[in-house]
Structure formats: C-alpha cells, structure tokens
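Participant: Need coordinates for the below:
(2 chains)
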Amino acid sequence: MAIRDDLITTLTTNLGGHSSFGISSELPYSTSDTPLYLKNLRTVYVDEQQEEVTELFNTLDNNDVLQTETTCTVYLATDAKNQPTDIDTVVANIQLARNGVTAATKSSIVTTELDADIITYNIEFNFITV
Amino acid sequence: MADVINVSAGSQALLALSNVAGLSDVSGGSNAMLVPQLTDITVNNSTGVYRFKTLDNTAESAVTTPATNQITTNLIVDETTFFGDGANTINSVVADGLFGASKNKTEIYFSIGFEGADTGDELLTGKGFISGLAPTVNMDAPVWTTPVTIEVSGDLTNAQQA
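Facilitator: I've put the predicted structure just below:
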C-alpha cells in the first residue's frame, strides 16, 4: 500500500505550515456509526487505496504490459459555520500531495458534503502506474 | 471446428531474425533473435497485377506481375532486442538490435512461426530488410512501442519446423 504511505508522507509535509490542522495515519473507520474525521475535525484521514489492474498492451507471447489504476480518498471535516481562514490553502495543499506519488498520470477531485454544521471535503486521488 | 490456428497460449505467433541463413530459428536456438512482446504481426503477400483492355472484350483482362512481400508488426520495445547486446559474434542482429540492423541496412533472414516451434509447425521464411521503425511513447501509455516492417526481398517460403 505504498501510494497511501506516500500520500500521508507528502500530506504531513504540505500541511506543516497549518498548525490548526493535523493528519492521522489511521484509517477513517467509524465508531458509534460516526467516522473518525467527523469526530476529529481539522484532522486529515487517508482511506485505504483501491486498485484496478488492466492490460495496457496485450502481447502475442503473453508478456502483457499491465497498468494499475489506484484510487485513494482523503477526508477532512471542519466547522461549516466558522470555516478556518486558511481552508482554501489547506485543500489546495492536500491536492498537491499527488505530486509526492510516482505515477504516469495523477489527478484529484474535490467534492464537499454538508451535514448539519459540518462540511466534509472528500479529495479523491487517482493514479495510473505501469 | 475448422482447423483454425489459435495463438492465445502465447507460444504460437513467433518472429525470429538473423543475418545468417538458417539461423532464424523460431525455437530461439542457434543464436536467433526471437523478437519478444509482439502486439500484432501481419504478413503481406500482394501479387502485382497489370490490367489491360482489348477491343473484343467487355471486361478488363489481367496478368500478374511479381508480388510485393512485406511483414509488418508492432511491438513493445525491449532494450536488448532494440539496441542489441553488443556482444553476439554469430548473429549481428542480436548484437546490433533492431535499430542497428535497420540503420546498417543489414540483410536479415526471418522465420515466422504460425503455430509455435514444435516439429512440423508451419513457418513462413524469407529475407529482407528492417524498416519503418518509429518508437513512440506518451504518458497515457508510458512504455515505448514501435512498428517494425520487414521489406521482403524475394519470395516468402512455406516450411515446417524441423
């Protein structure tokens, strides 16, 4: 699960200047039906990576070239009523963590969810390695 | 089922090269270069045709002219196969690689295995020149691939693996 580890390492570096935010190496599991990132606001959690392996080139001698598409989702929840002033920079720095992973293609998508007075940022990273 | 040749086992469709007649052995022995990681291979045997019209016929007539023979393939670039091992003293195609054989315009002998390298398996053999190398790579498919053309000089010959 190297990509998740690389993401955590880079996120730790990228968020070093934002003292009110932290990063956990724990998975965002739930206790009492509440995921950890909703219990611990301003703490970044990195979910387990998901992998899909497909053939990039199918060769006649069966020495096929495979590609692995890895998806990893990062969660961050904050107070929606009084958002941290540096939240935009924090989210941008989280997205920049993709550069800490060695892959042929890298992308990230940010979506948000509002639940009562908490906003959750879901940052989905996609990496394709060969 | 008809007598189809199914190559899905991964050991049937073969291409072997050498610069010495008789060394292009699809079993890979005798210092032949058995080209790895072909993604496709096509044998072109295009008979030339000369067409002419006569006043006493309502349709064109045709006579054949010598055929143009060509082998085209695409492959994943293997470092040793493409650039050579620089060491083989028996088969210069192994030593110089596909690039060197193309650049040096080396006359090469080839064998194409249609159904493997077992005794009696069908082959097409001939000689020609490597051409059409165009290695390419991009970040969506970040491994080098290249087309390779063998411009056949003379006939294609059907033989069976010894």
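
Participant: Any idea which residue is closest to the centre of chain B?
Facilitator: Ranked by distance to the mean C-alpha position of chain B (Cα atoms, centre = their mean), the top residue is B:Ile71 at 4.5 Å.

Participant: near chain A, which residues of chain B?
Facilitator: B:7, B:9-14, B:36-41, B:75-76, B:139-143, B:145 (Cβ under 8 Å from any Cβ of the partner chain). (Glycine included, C-beta is placed from N, CA and C.)

Participant: Mark which of those residues are buried, thanks.
Facilitator: B:7, B:11-14, B:36-39, B:41, B:75-76, B:141-142, B:145 (16 or more other Cβ atoms under 10 Å in any protein chain shown).

Participant: The closest residue to A:Leu36 other than its chain neighbours: how many residues sit nearby?
Facilitator: In this structure, A:Leu36 finds its nearest non-sequential neighbour in A:Pro28, 5.1 Å apart by Cβ to Cβ, 6 or more residues apart in numbering or on different chains. Neighbours of A:Pro28 under the rule other Cβ atoms under 10 Å in any protein chain shown: 21.

Participant: Tell me which residues touch A:Pro28, please.
Facilitator: Going by Cβ atoms under 8 Å, 6 or more residues apart in numbering or on different chains, A:Pro28 touches A:35-37, A:45-47, A:75.

Participant: Now the two most distant members of those residues.
Facilitator: Across these, the longest distance by Cβ to Cβ is 12.6 Å; it joins A:Pro35 and A:Val46.

Participant: Looking at those two, which has the bigger crowd around it?
Facilitator: A:Val46 (25 against 17).

Participant: May I see the buried residues of the host helix or strand of the residue nearest to the centre of chain B?
Facilitator: Per DSSP states H and E: B:Ile71 is located in strand B:61-76. Buried residues in strand B:61-76, counted by 16+ other Cβ under 10 Å: B:67, B:69-76.

Participant: before we move on, what about stretch B:79-92?
Facilitator: Those would be B:81-82, B:84, B:91-92, for stretch B:79-92 by 16+ other Cβ under 10 Å.

Participant: Identify the residues contacting the spatially most central residue of chain A.
Facilitator: Central residue of chain A (Cα atoms, centre = their mean): A:Val74, 2.9 Å from the mean position. Contacts for A:Val74 were tallied using Cβ under 8 Å, 6+ apart; they are A:7, A:11, A:44-47, A:94, A:97, A:122-125.

Participant: Serialize those to JSON lines and add fields for secondary structure, distance to A:Ala80 and pLDDT.
Facilitator: Output for the contacts of A:Val74, formatted as JSON lines (DSSP: H, G, I helix; E, B strand; the rest coil; distance: Cβ to Cβ, whole Å; pLDDT from 0 to 100):
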{"residue": "A:Leu7", "secondary structure": "helix", "distance to A:Ala80": "25", "pLDDT": "96"}
{"residue": "A:Leu11", "secondary structure": "helix", "distance to A:Ala80": "22", "pLDDT": "96"}
{"residue": "A:Val44", "secondary structure": "strand", "distance to A:Ala80": "17", "pLDDT": "97"}
{"residue": "A:Tyr45", "secondary structure": "strand", "distance to A:Ala80": "18", "pLDDT": "97"}
{"residue": "A:Val46", "secondary structure": "strand", "distance to A:Ala80": "22", "pLDDT": "97"}
{"residue": "A:Asp47", "secondary structure": "coil", "distance to A:Ala80": "22", "pLDDT": "97"}
{"residue": "A:Ile94", "secondary structure": "helix", "distance to A:Ala80": "18", "pLDDT": "96"}
{"residue": "A:Ala97", "secondary structure": "helix", "distance to A:Ala80": "23", "pLDDT": "96"}
{"residue": "A:Asn122", "secondary structure": "strand", "distance to A:Ala80": "14", "pLDDT": "97"}
{"residue": "A:Ile123", "secondary structure": "strand", "distance to A:Ala80": "17", "pLDDT": "97"}
{"residue": "A:Glu124", "secondary structure": "strand", "distance to A:Ala80": "20", "pLDDT": "97"}
{"residue": "A:Phe125", "secondary structure": "strand", "distance to A:Ala80": "24", "pLDDT": "97"}
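
Participant: Out of the residues you listed, which is nearest to A:Ser107?
Facilitator: Looking across these and measuring by Cβ to Cβ, the closest to A:Ser107 is A:Phe125, at 7.4 Å.

Participant: Since that was my last question, I'll sign off now.
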